[in-house]
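*Asks:* Next comes the sequence, and after it the predicted model I'd like to discuss.
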Amino acid sequence: MTNTDRKPLIFGIMMTAGCAVGAGMFSIPVVASGMWFPLAICSMFIIWLVNYLSSLVIMEVCFNFPVGTSFDTFTSKLLGKIGKIVMGLSAGFLLYILLYAYFSAFGNMAANIIAVDFLSSSVFVSQGFLSLLLGCALAILVWISTSMVGRISTVLVIAMAISFVIAMSGGLAEINIVQLFVSAPQDENYFSCLWAGLPYFMISFGFATMVPSLYKYYGKDIAKIKSSLFYGSFTALVVYIVFIVVNFGILSRSEFVPINAAGGNIGNLVSALENKMGQGTIQSSLNLFSNFAIASSFLGIGLNLFDYIADTFSIGNDIKGRFYTACITFLPPGVANFFFPNGFIAAIGFAGLVVFIGFFLLPFLMVWKLRSQKAIATYRLSGGKPVILLVIIVSGIAAICHVLAMLDFLPKL
């Protein structure tokens, strides 16, 4: 039995699912409220399939290089210096924009939780200040050590899973099935709101970044890597579907209008759900799940960006060096959120656009070049060029939709 054979499949599945599921899932019901339930489920399934195929495209690229090779090596070897720069900028911008989104979510949740206390007093603390305060508190953990983040993240993920099961099991008992399939008003069209939501669905399945890590962990064990990607991403799909069912079954489409108008942040959505679900264990579990998801995502993205900055600028790993790295990592998105505190949905949308460039377009170009060179690899995605063309076309449509939505050319709820 080889060392790879002893590595359980469940670890790869959990790593993939954990990479996909996080605080970003709270953007899904908000951006899908315009298209409503049937279209949301259909488009979610298509986007999941495209993301899974994209991860297999990246897997094909991986198998043309030694175990342990990263995206930096892939792009520099196959696409040259320009490709390397584009990948580096894409990865850096993606991590920064996601960290900004989670700063925003922190402040919005805190503002909703303590709003009653502030309304009864003359004290006023802005949402931007709360997000900066809470974000910097977690940033200290990243500064202290990576092992500290690992221990706390493990506790957060377990707590997040437990609170999600409790909250969703209670929420399913409250849903109105008829409401899920209600017809669109005469002056509206659900299909017209479909396109603006696609970029957010794309970022919700951001597990393609895990492929090199799984390749490093399992080596050239094709079956375990593919199974990890499939079952892990499918787990995320099931979680998202349950989350959509609960949200759309409890909140009517019209009740999402003020949530969208307020910026669609996590606190706005959770507050609306709590008002409909009432007091008690279910409500508390929903609140806990929201906070655990934000903290877990914040630490995960923060640590990734921290390591990326340290490696890029060759900053030392001593206390002083880690302090400088922490400042470069957390202060720009924290300060930006202080002045623009309601950018959660907008930031997630930008992340979807960057994901297309770094993890769809560049892998497409790399695998196309490899196949044109008739490179011999241990693994090749079946279906030929039509499959990888399908992946790039669908993901490209999602990216174009984001640009059109930014220019207000696409209708929203």
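*Replies:* Received the coordinates, thanks.

*Asks:* can you list the residues that contact stretch 315-326?
*Replies:* Contact with stretch 315-326 is made by 139-140, 142-143, 306, 309-310, 313, as judged by Cβ atoms under 8 Å, 6 or more residues apart in numbering. (Each C-beta comes from the backbone N, C-alpha and C, glycine too.)

*Asks:* And those, which of them are buried?
*Replies:* 139, 142-143, 306, 309-310 (16 or more other Cβ atoms under 10 Å).

*Asks:* Of the residues you listed, which pair is most distant in space?
*Replies:* The span of the buried ones among the contacts of stretch 315-326, defined through Cβ to Cβ, is set by 139 and 310 at 14.1 Å.

*Asks:* For residue 7, what are phi and psi?
*Replies:* Backbone geometry at residue 7, expressed as degrees, to the nearest 10, gives phi -90, psi 120.

*Asks:* So it is in contact with residue 224, correct?
*Replies:* Yes: contact criterion Cβ atoms under 8 Å: residue 7 and residue 224 qualify, at 7.4 Å.

*Asks:* Give me the more crowded residue out of the two.
*Replies:* Between residue 7 and residue 224, residue 224 has the larger neighbour count (other Cβ atoms under 10 Å), namely 21 against 15.

*Asks:* Which residue, neighbours along the chain excluded, lies closest to that one?
*Replies:* Closest residue to residue 224 apart from its sequence neighbours, by Cβ to Cβ, 6 or more residues apart in numbering: residue 218 at 4.6 Å.

*Asks:* tally of neighbours for residue 339?
*Replies:* 9.

*Asks:* and residue 331, how far is that from residue 149?
*Replies:* Residue 331 sits 18 Å away from residue 149, going by Cβ to Cβ, to the nearest Å.

*Asks:* When those two are compared, which one has more neighbours?
*Replies:* Set residue 331 next to residue 149 and count neighbours by other Cβ under 10 Å: residue 149 wins out with 19 against 14.

*Asks:* Just give me the closest of the buried ones among the contacts of stretch 315-326 to residue 233.
*Replies:* Nearest member of those to residue 233, counting by Cβ to Cβ, is residue 306, at 25.9 Å.

*Asks:* The closest one contacts residue 329, doesn't it?
*Replies:* Yes: with contact defined as Cβ under 8 Å, residue 306 reaches residue 329; the gap is 4.8 Å.

*Asks:* circling back: tell me which of the contacts of stretch 315-326 fall in helices.
*Replies:* 139-140, 142-143, 306, 309-310 (DSSP state H).

*Asks:* on that earlier part again, from the buried ones among the contacts of stretch 315-326, pick the one nearest residue 70.
*Replies:* Among these, residue 310 lies closest to residue 70 (Cβ to Cβ), at 14.8 Å.

*Asks:* ok, now which ones touch that closest one?
*Replies:* For residue 310, the contacting residues are 317, 321-322, 325, by Cβ under 8 Å, 6+ apart.
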